[in-house]
Every structure is written in C-alpha cells, then in structure tokens.
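Enquirer: sequence? don't have it. structure:
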C-alpha cells in the first residue's frame, strides 16, 4: 500500500526525511542549507519532489556565483565568475580593449555588502592575485560610474521600489553607510525584475538593481529575503505575504 505524501515544513524535518522523499512529496519554505548540502536539492528534484520556492530559486538566492552563472544575461556587460587566476588572465584583453577600468568584486555568500570591493582595474586585481591568494570563486563586473541603486520588492500582488544613495562613497547598502529615499517602480523596472524572477523561478523576490545613466537596468543581486529598512513594507508584513504564497502552494499541492 503506497504511503501518504509527505509535506516537509522545516529544516529539521528536511534533514530527518530527505532520503525517503519521493515523487509527489513537497518541501515548503526556503531551506537553510549548509555548504555542501546544495546537491540534495538536485537529487530531490531528480526524484520528482516539489519545492516552494523552487529549488533553482533557492540555489540562486544562496550564491552570488550561481546568480552570475545563471542570470548573467541580466547583469552589467562583462560580469563573470572567477574560479582561478586563469579566468582573470583570459578576461584581461576584453576589459582593456573595452576601456573598462574600475572593477567590482563580490565574495560568494557574503551579505550586507561586506564582501564587495572596488579595484582600479582588472590588471590590479590580477597583479594582487599573483602575490596573494584570492578568495575564489569571485564575481567580477565593471564599475558602473553614475549608476543609481534601487531595491525592488515583489511579493504576491505587492510591488515597490526605493533608491539607495551614498554621496560619500560607492557603497549604497544601508548597512554600509547608505541611506534610502522613495522611488517609483516604473514599468521598465518592474518588467525587468519580473523577467529576472521568471528566469530564476522566483515566486517572490527582493532585487537590487543598478540603473545606468542611460536608463538601462542591470541586476545586482536577487534574494528571497533581505533588509527592508528603506521600504514601506515591514518585515512582518513581508513574512505574512510570503506565508500566504506558501499556503496557496500547499492548497494546490494537496489538491493535485
């Protein structure tokens, strides 16, 4: 006699049951994975287990490197992942020929802007790597001079944006000395954000966007959670809306 389908709703339940999960079972809510556990999502997806948020979105939210590899088409031209010195050397000619001078690096899985650094050029970063080990993998992208920084919040039928500013430095993160001010979520920004979400299978998201002086939007990062200090929506209200989406998934799963 087949067993009843399982619905896993916590990390403790996930670690208890993940080996026995099978097609038709579901895992509800983002998982707090430890380094190395990411393969479990691939294994369970292959077994036919359903996730909310989808496994791809969870993996992307977990890693800046994964975001750059999968969502790089939405990022600033020239963004790439560095796994070793050979990757830096291979991109030097392109950066030099295009006149991309200053570059930004992002450490994988660093939060609150703590892993973001700016360098005079890719050559400087490469030279440093020749003398001192770099914390690979790293995300590298050209520095967008004059770009505006927006945080976009999309959850259920709720959508808003606010701008993050810092007249004293390039770090716009509110944890790193930036401040916020209200901003309109234009159709261009919302459409761009939803296309990013669709590609990464995000049912809801908090996105950091860079908008060039010419008005071109580029993805900085996308996550399933994040700071909302500058938003009208509170963290409590955000969690309530996420909970409603999770409950909707549970109903659809139960009736399928």
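Expert: That came through, no problem. Remember, predicted model here, so these are calculated numbers, not experimental data.

Enquirer: now do stretch 63-79, average pLDDT.
Expert: Across stretch 63-79, pLDDT averages out at 97.

Enquirer: hmm, I was thinking of stretch 165-173
Expert: 66.

Enquirer: and residue 153, how far is that from residue 185?
Expert: 9 Å (CB to CB, to the nearest Å). Placement of C-beta: from N, CA and C, glycine included.

Enquirer: compare the two (neighbour count), which wins?
Expert: More neighbours surround residue 153 than the other of residue 153 and residue 185, with 23 against 16 (other CB atoms under 10 Å).

Enquirer: where's the more buried one relative to residue 103, distance?
Expert: Applying CB to CB to residue 153 and residue 103 gives a distance of 29 Å.

Enquirer: and the strands in the stretch 51-200 of the chain?
Expert: Secondary structure of the stretch 51-200 of the chain (DSSP state E, counting those that start in this stretch): strands at 80-82, 103-107, 116-119, 138-142, 148-155, 158-165, 179-183.

Enquirer: and of those strands, who's closest to residue 226?
Expert: Ranking the strands of the stretch 51-200 of the chain by their distance to residue 226 (criterion: CB to CB) puts strand 148-155 first, at 7.6 Å.

Enquirer: show me what the closest one is in contact with.
Expert: Strand 148-155 has contacts (CB atoms under 8 Å, 6 or more residues apart in numbering) with 159-165, 172, 178, 180, 183, 185, 189-190, 193-194, 197, 204-211, 220, 226, 228, 230-231, 233, 238, 241-242, 245.

Enquirer: make a ChimeraX selection of the buried ones in the residues you listed.
Expert: Buried residues among these (16 or more other CB atoms under 10 Å), as a ChimeraX selection:
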select :160,161,162,163,164,165,172,178,180,183,185,189,190,193,194,197,204,205,206,207,208,209,210,211,220,226,228,230,231,233,238,241,242
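
Enquirer: quick check, central residue of this structure?
Expert: For the chain, residue 222 is the residue whose C-alpha lies nearest the centre (CA atoms, centre = their mean; 3.0 Å).

Enquirer: what sits against that residue?
Expert: Counting by CB under 8 Å, 6+ apart, residue 222 has contacts 60-61, 67, 71, 196-197, 200, 202, 205-208.

Enquirer: again with residue 224
Expert: Residue 224 neighbours (CB under 8 Å, 6+ apart): 30, 53, 57-58, 61, 202, 204-206.

Enquirer: longest helix in this protein, please.
Expert: helix 235-255 (DSSP state H).

Enquirer: where in the stretch 101-250 of the chain is pLDDT low?
Expert: Residues of the stretch 101-250 of the chain meeting the criterion pLDDT under 70: 112-113, 168-178.

Enquirer: give me that answer again for 90
Expert: For the stretch 101-250 of the chain, the stretches with pLDDT under 90 are 109-115, 165-182, 227, 229-230.

Enquirer: quick one: buried residues of stretch 81-96?
Expert: Under 16+ other CB under 10 Å, the buried positions of stretch 81-96 are 81-82, 87-88, 91, 95.

Enquirer: still on that earlier bit, what helices or strands is the longest helix of the chain leaning on?
Expert: When contacts are defined as 3 or more CB pairs under 8 Å, 6 or more residues apart in numbering; DSSP states H and E, helix 235-255 packs onto strand 26-28, strand 50-52, strand 148-155.

Enquirer: export those strands to JSON lines and tack on distance to residue 253?
Expert: Shown next, in JSON lines, are those (distance: least, CB to CB, whole Å):
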{"stretch": "strand 26-28", "distance to residue 253": "5"}
{"stretch": "strand 50-52", "distance to residue 253": "7"}
{"stretch": "strand 148-155", "distance to residue 253": "20"}
